[in-house]
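Student: Prediction below, plus the sequence it came from.
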Amino acid sequence: MSMNRISLVALCCALSVLAGCRQSEAPSATAPVDKAAEPAASGSSVSGEARIDHEPFGKLPDGTAVARYTLTNALGMQVSAIDYGGIITSIKVPDRDGKLADIVLGYDSLEGYVENPPHFGAIIGRYANRIGKASFTLDGKTYPLIANNKGNTLHGGPIGFDKMMWTVEDTGKDEKGVSLLLKRTSPDGEQGFPGNLTAQVRYTLSNANELAIEYSATTDQPTVVNLTHHDYFNLAGEGSGDVLGHRVQIHAERYTPADETLLPTGKLASVAGTPVDFRELTPIGPRINADDALVKLPGGYDHNFVIDRKSDELVLAARVEEPNSGRVMEVRTTEPGMQLYTANHVTGIKGKAGHVYDKHSALCLETQHYPDSPNRPEFPPTTLRPGATYSTKTVYSFSQNAQRAQ
């Protein structure tokens, strides 16, 4: 759906990190590139030992060094992330023939991510999606925020978690896979939000080709929090064109209708008979410009779905299939909602390898609480109080469909 733009970061300086080691020093910006972090030259999936590598990824305008960490599992799948914005810069997944391709939009260098208006690959906070009229009231006190989207606050404000340095707290490796733990403290008043909020995000790449993202946070004052990740997926490979042929299934009987600024009306409506009915595997393209009296499609999908669930445990929220490559992605989450966004405002962005990203060149599946929940007491609450811990988890599972497109 900040008072300090960049915080200082402490990072690991070891080129090979053993399981459970603690991070204490930032890597040198002049250190040689760790060649082990590079993908196999053939582009094919290869089996081997799971590992974590890191290398410099440039400097911010204030001189802060940024590092990129690459997690590789035993099957050869790779996930790369940087400590600026916790941005996942690359996810390399095999197709049905075993050929690796990068399936997320992004940039080749840090400069693109510093601007990054579409939030490519970033951690989103303190509040993902929209807060209406850039304010909310908690315990009788109104907190004005910074409006950055049609009078509303979007993704935590103009300088959200996606534009902050994160500290690498820990890396780990065991028989199941490899992980990277990021941490930052958002000071009281950052972008208008109350309380000192300490957030942690752990990326775990399993040897079963699953990427788990676990979020946790604590506060010293009552506040609101809603974290998500903003990966732009194209299972055919980034730069390969639009995703209108991707087939999507969303396990949601209901969605939250919204007004012209994409704020929810407060109702939970049935998806039945509407263009947002993805209860069965459905290609994105055919209904994307549908003229529907109830469901507005502002140039594509940008809708929050109410995930079907009977408990607070991980449930299957969505399945995406790309017919030509055979790549399949399933999304499981503990969150109550998920925003489907089809890159409606991505136009002429020069990304990796000179590829130009345009409208509908990717899709986002942002697991989260519902938009504007702080102003909607009928929605699941997003209030976090001292002594409590915010904790959510989302898992992206990757596989292949052996049947080729006809």
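Tutor: Noted; the coordinates are in hand.

Student: host element of the most centrally placed residue in the chain?
Tutor: Of all residues in the chain, the one closest to the mean position by Cα atoms, centre = their mean is His229, 1.9 Å from it. Using DSSP states H and E, His229 maps to strand 228-230.

Student: Remind me what that strand packs against, helices and strands.
Tutor: If you count contacts as 3 or more Cβ pairs under 8 Å, 6 or more residues apart in numbering; DSSP states H and E, strand 228-230 packs onto strand 122-124, strand 364-368. Heads up, the C-betas are built off the backbone N, CA and C, glycines and all.

Student: Give me the sheet partners of the last one and which way each runs.
Tutor: Paired strands of strand 364-368, with direction, are strand 337-341 (antiparallel) (DSSP bridges).

Student: Tell me how far the strand it pairs with lies from the chain's centre.
Tutor: 11 Å (Cα atoms, centre = their mean, to the nearest Å).

Student: so the residue nearest to the centre of the chain bridges to which residues?
Tutor: Bridge pairing for His229 (DSSP bridges) gives the partners Ile123.

Student: my read: it touches Thr394, true?
Tutor: Yes. Using Cβ atoms under 8 Å, His229 is in contact with Thr394, at 7.2 Å.

Student: Could you tell me which residues touch both of these two?
Tutor: Residues touching both His229 and Thr394 by Cβ atoms under 8 Å, 6 or more residues apart in numbering: Ile213, Thr367.

Student: now the helices for this protein?
Tutor: Taking DSSP state H, the helices of the chain run over residues 110-115.

Student: got any ranges where it has weak pLDDT?
Tutor: The chain contains residues with pLDDT under 70 at 1-47, 291, 293, 298, 405-406.

Student: Show me it divided up by domain.
Tutor: Domain segmentation of the chain under automatic domain parsing yields 35-230, 247-370.

Student: any idea which of the ones you listed is most buried?
Tutor: Comparing the domains of the chain by mean neighbour count (mean count of other Cβ atoms under 10 Å), domain 35-230 ranks first with a mean of 20.

Student: quick one: contacts for Ile213?
Tutor: By Cβ under 8 Å, 6+ apart, the neighbours of Ile213 are Val201, Arg202, Tyr203, His229, Lys393, Thr394, Val395, Tyr396.

Student: whoops, I mixed them up, Val104
Tutor: With contact taken as Cβ under 8 Å, 6+ apart, Val104 is in contact with Ile88, Thr89, Ser90, Ile91, Phe120, Gly121, Asp231, Tyr232, Phe233, Asn234, Glu238, Ala362.

Student: ok, 10 Å please
Tutor: 79-80, 87-93, 120-121, 231-235, 237-238, 351-352, 362, 364 (Cβ atoms under 10 Å, 6 or more residues apart in numbering).
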